[in-house]
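[1] quick one, fold the following:
(chains A and B)
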Amino acid sequence: MSHFQPSTAFEASDGELELLPFRFERLDGDQYLVSNLVGDMTFLSGPDLRRLAALDLAPDDALYALAFEKLLLRRKGQRAPLQLLAMRQRSRSSFLRTPTQLHILVVTLRCEHSCPYCQVSRRSTDRDRYDMSFETAARAVEVALSSPSPHIKLEFQGGEPLLNFDLIRAVVPFAREKAEAAGKTLDFVITSNLALLNDDVLAFCKTHDIVLSTSLDGPEDLHNRNRPRPGGDSHQLAVEGIRRAQATLGKERVGALMTTTEASLGRVEEIVDEYVRLGLDGIFLRPLSPYGFAVKTKQYAKYDSRLWLEFYERGLRYILRLNREGTYFPEFYATLLARRMLSDIPTGYVDLRSPAGIGLGALVYNYDGKVFASDEGRMLAEMGDRTFELGDLATDDYASIILSDKLIDLVGRSLTQCAPQCSSCAFEPHCGADPVYHHATQTDPVGIKPLSGFCARQKGIMTLLVDLLENSPEDAAVLRRWAA
Amino acid sequence: MKPLALSGRAIAVNAREGAPNHQVLRLVTPADPRVRGPQDAVLVKGGGSVPTGPPSGLVVQVGGEATLAEPGTICLGDEFDYLAAGDVIAVHADSRRVRTLYRRASRHNSFLTTERCNHYCLMCSQPPKNIDDRWLLDEIAAALPLVDPATRSFGLTGGEPLLQWERLVALLAQARDVLPNTAVHVLTNGRAFASPEIADAWAAIAHPDLSAGIPIYAAVDSIHDYVVQAEGAFDETVLGVLRLKERRQRVEIRVVLHSITAPRIVETATWLARNLPFVDHVALMGLENTGFAIANDALLWIDPIEYRASLARAVDILDAARVPTSIYNLPYCVLERPVWPFAAQSISDWKNAYLPQCDQCAAKRSCAGFFSTGRPKQSRAIEPLRTFDLTQA
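    Prediction:
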C-alpha cells in the first residue's frame, strides 16, 4: 500500500552537521555542564562532550537528539535554530530598551540602629546636615522621570528613612503629579527597619500604595545580636511592624530581607521558620557585602564563599522541602536565577545583567544631592572612594549623568559577553559582572574572576540549581512554580 | 462504537431538468418561516408528507418509502437520520454521493479543504491522495453563506490546506465577512508560513478569530521529519511558527503521542517551554487509530499508561511556563490525577464513543472518551472511576 521510509532516511549524514556556540564548565570528575548561547543547560560526560565537539555522532545517537534540542548544533543550512537563538537573545537583552527603572533616594543618613554589618555609613546626629532637603528630592524626582523607562520605581532609603518621614510625605504626592504629567507609572518602596512605624505612616502608605521593605535576620536572639539598637528590641519592633503592615497594607505589600552573619551560619532552618511563621511571602538568603561598616568592623571577612554556599544550599534544600510538603514559599535568589534559566523574560535585576545595572538599571541620589551608579557605589564614596559618583543634582540632568564618560567607561567594562573569564563561562547568560563589587575587593571593576567571591557564589548556586532542575524532578517542579 | 455516517450514497436522486450535478444544500423544515433561497431544500423525515412547491423545488427525504414523487427529491437512508434543519449537505446527482458538510447542532464542524499533502505522516488519520480536488474549496465557499452565523467555530482540515494558499486566504477572507463571529481553526503543517509572503497574506486577512494548529512531534529534526516522512519539515515548520507569531497570529502546537513521540514528551515540552513559550496553546494528543496508524500499528502503538507519568511532567513543565496546555483524546482513567484539569473533551462528536464499562464511571460526563473510527485500541488501564472531583485533582 504505502511507501514509508525508515528513520535512518532522515538522519544527518557525515559532514552535514555544524556546531553552534556553546560553553562548558568542568564539574567533579569527568562531568561537564554545557550551556548554549542563551543558557539552556545540560550535563555531559567527558567522552560525550568530546564526541559532540568533534561532531562524532552515530546515527540514532541519543547525544544527537540532546544536542539538537539544546541548540548546540544544527544541520548546515537550517534556519530555525539560528532564528530561535537570535529571537531569544533579543528577548533576554530587551531590558536595555527601558533604562533606569529604579531610583533610590537616600532621604537621611541618620539611623537609630547601630548594626555592625551595615553597608551604609550611618550618622546618629545632626539632622540638618544628614537629611535630604525637599529641593534636592524634587530635583531627584525630575531626573528620575526623565529616564526613558515608562515605569519608574522610587525607593526611599537611609539610614532610617522614617527619621525623615516629613520629606517622604511631601515628595510622594509631588512625584505622582509629575509622573502623571510625564505619562509614566510610579511605584514607591520605603526600606525601613520599622522601629518607628506608626499609624500615621501606615495610613500614608495605604493611601499612596507604598510597599514596605524591612530587615529581619531570623529568630529574636540572632536578629537582636545582628541589629543592635537602644533597648535591644529591634526584633520585637520589626515583628510588630511586619504584622501591622500586613494587616493594614496586605501581605503582598510588605517584604523582608535577611543578611547572613557568621552567627547565622548554623541556623538557616530557624531563620526560614521565622519568615514562614510571620507569613512573609518568601525569603532572600543574602551574603554580607564588602562595603561600609561591614568592612570597617571586619564582619565581611568572617566567612568565605564556601561557608556561605553551604549555608545557602542547606537553606534552599530546607525551603524546597517545605514547598514539596505544600507550603508555597520561594527563596528569591533561586527564583531570580531559575527565571533566567527557564525563560527569556528580561529580568533586568541590577546585579545580574550585562551590561551592568549601574546607572542603566538604577541611580542613587544621596541626601546631599550627589548621584551614584548604585547603592554600593554610594557606600564606597562614604569610605572615600568616589569611583561610582556620577554627578550632582545641582548641576546635572539625566542625560549628563547617563552619558558621562565615567559611566560609559564603567559600563563598557561590565560586559560579561567579553570580560575575561566571563566570556567563556557556561553561566554567563544568567550572570552579571558586578563592577562595584570587583572594584571594592580587587580595585578593578573587571576583576580576576577565580579570586572573586561573587563569582564563586554565582557558580555554586547556579550549579546547584541546574542539578536540581535536571536531576530532581520534584524540586524542579517547585523551582518552575517560583519562576513562573 | 460506530461513527456517524457523514458521507454515503443517496437511495435515489431525482434531479430536475437542467439542475447542476453538484449541489450544496441547506436543509430547512417544512414550517420554516425564513425566506428560502435556491440552496434551501425542505427536510422531510420518516415518511412525513412531502410539501408541495418549495421555492427551490428541492426536497430531502430521510427514511420512509422512496417515493420520488417529484423531480428535485433526494431520498436518503436511515443512516442520515441525524440531519436536522440548518445542516448543510453536498450532493452529486450522478454518483448519488452525499456528504454532510455542516451540522448546526455540533461544536465540531470541520471542512476538508484538500486530500493533497506534502507530508505523509506515519499515523495520518486522513491518508493523503495525489489527486486534483480543487473543487473542494469551491464547495466550502458555497457552503459558508449557508452556515448559521451563530456558529461558535469551525475547522479547516486536509491534506495540507496551505498548498493552495492564495485560494485558502480568499476563503478565510470570505469567512471573515460572512461569519464574523465564528472562530476558524486551520490544521496545517505550518511549513508554508516559512515564506514571509504567505505569512503576510495570512496576517493581512485580519480575521477576528483565526488560529493555525501546527504539529511539532519532537524537538529533534530527524525524529519529526521521520514521523511526517518529509526531510526539512522541522526546520520549515518552526520557522513558520516564528513568522506567524512575529505577526501576532494565533498558533496552537499539536503533539500526537505514539511510540516514537511519547518517549520524548518531557524533552519536547521542555523545548516548547524554552523556545516557543509564546504560542497560544499546546495540545498533547492521544493517537486516533485509523488511516495510516492502522498500517503502522506495530511501529506506533503504545499503551497510554506507559507514558502517563511523563505526560504529567510534560504538562507541568508547560503549565509552569504559562503555556496554555490541554490533553486531547485521552480518558481520565489513563491520566495522573494532577493533570485531570487539563484533559479536554476533544474528540469530534460524530466519532466520539464510550465503552460499556464507562456507564459505571463517575467521570463519564466530562471525559474525552474514545474514538469510534478505524480500529479502536484500548489501554489496559481503563476502568470506571468510583469518584470524580476535579477540584481535588
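[2] could I get the full set of strands for the stretch 51-200 of chain A?
    Using DSSP state E, counting those that start in this stretch, the strands of the stretch 51-200 of chain A run over residues A:73-75, A:102-106, A:151-157, A:185-191.
[3] hey, which of those strands is tucked in deepest?
    Looking across the strands of the stretch 51-200 of chain A with neighbours counted as mean count of other Cβ atoms under 10 Å in any protein chain shown, the highest average goes to strand A:102-106: a mean of 24. Placement of C-beta: from N, CA and C, glycine included.
[4] let me see the contact set for A:L465.
    A:334, A:337-338, A:341, A:479 (Cβ atoms under 8 Å, 6 or more residues apart in numbering or on different chains).
[5] ok, which pair from these is furthest apart?
    A:A334 and A:M341 (10.0 Å; Cβ to Cβ).
[6] distance check, the residue nearest to the spatial centre of chain B against B:G155.
    Note on chain B: the residue nearest the mean C-alpha position is B:S110, at 4.9 Å, using Cα atoms, centre = their mean. Using Cβ to Cβ, to the nearest Å, we find B:S110 at a distance of 3 Å from B:G155.
[7] more crowded one of A:A334 and A:M341?
    The neighbour count for A:A334 versus A:M341, taken as other Cβ atoms under 10 Å in any protein chain shown, is higher for A:A334 (27 against 22).
[8] name the helix or strand for the residue in the stretch 351-484 of chain A that chain B sits nearest to, please.
    In the stretch 351-484 of chain A, the residue that lies nearest chain B is A:R480 (3.5 Å; Cβ to the nearest Cβ). Following DSSP states H and E, one finds A:R480 within helix A:473-483.
[9] helices of the stretch 151-300 of chain A, start to end?
    Secondary structure of the stretch 151-300 of chain A (DSSP state H, counting those that start in this stretch): helices at A:165-182, A:199-207, A:220-226, A:234-249, A:268-277, A:292-296.
[10] dump these to TSV, plus mean neighbour count.
    Below are the helices of the stretch 151-300 of chain A laid out as TSV (neighbours: other Cβ atoms under 10 Å in any protein chain shown):
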stretch	mean neighbour count
helix A:165-182	16
helix A:199-207	15
helix A:220-226	18
helix A:234-249	19
helix A:268-277	18
helix A:292-296	20
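[11] returning to that earlier point: list the residues that contact the residue nearest to the centre of chain B.
    When contacts are counted by Cβ under 8 Å, 6+ apart, B:S110 touches B:154-157, B:348.
[12] change it to 6 Å
    Taking Cβ atoms under 6 Å, 6 or more residues apart in numbering or on different chains as the contact definition, B:S110 lies against B:155, B:157.
[13] over to B:S348?
    So B:S348 contacts B:H108 (Cβ under 6 Å, 6+ apart).
[14] same question, B:V227
    B:122, B:217, B:260.
[15] now swap in A:G453 and tell me
    A:S305.
[16] go again using 10 Å as the cut-off
    Listed by Cβ atoms under 10 Å, 6 or more residues apart in numbering or on different chains, the contact set of A:G453 reads A:287-288, A:290, A:300, A:304-306, A:308, A:437-438, A:441.
[17] among those residues, which one has the most neighbours?
    A:H438 (24 neighbours).
[18] quick check: it is in a strand.
    No: going by DSSP: H, G, I helix; E, B strand; the rest coil, the assignment for A:H438 is helix, not a strand.
[19] circling back to that earlier point, so which of the contacts of B:V227 comes closest to chain A?
    Taking the contacts of B:V227 together and measuring to chain A by Cβ to the nearest Cβ, the closest member is B:L122, at 6.3 Å.
[20] to chain B, which of the helices of the stretch 151-300 of chain A lies closest?
    helix A:268-277 (22.3 Å).
[21] orientation of the closest one relative to helix A:234-249 in degrees?
    Angle, helix A:268-277 to helix A:234-249, by axes from the mean of the first three to the mean of the last three Cα atoms, to 10 degrees: 30 degrees.
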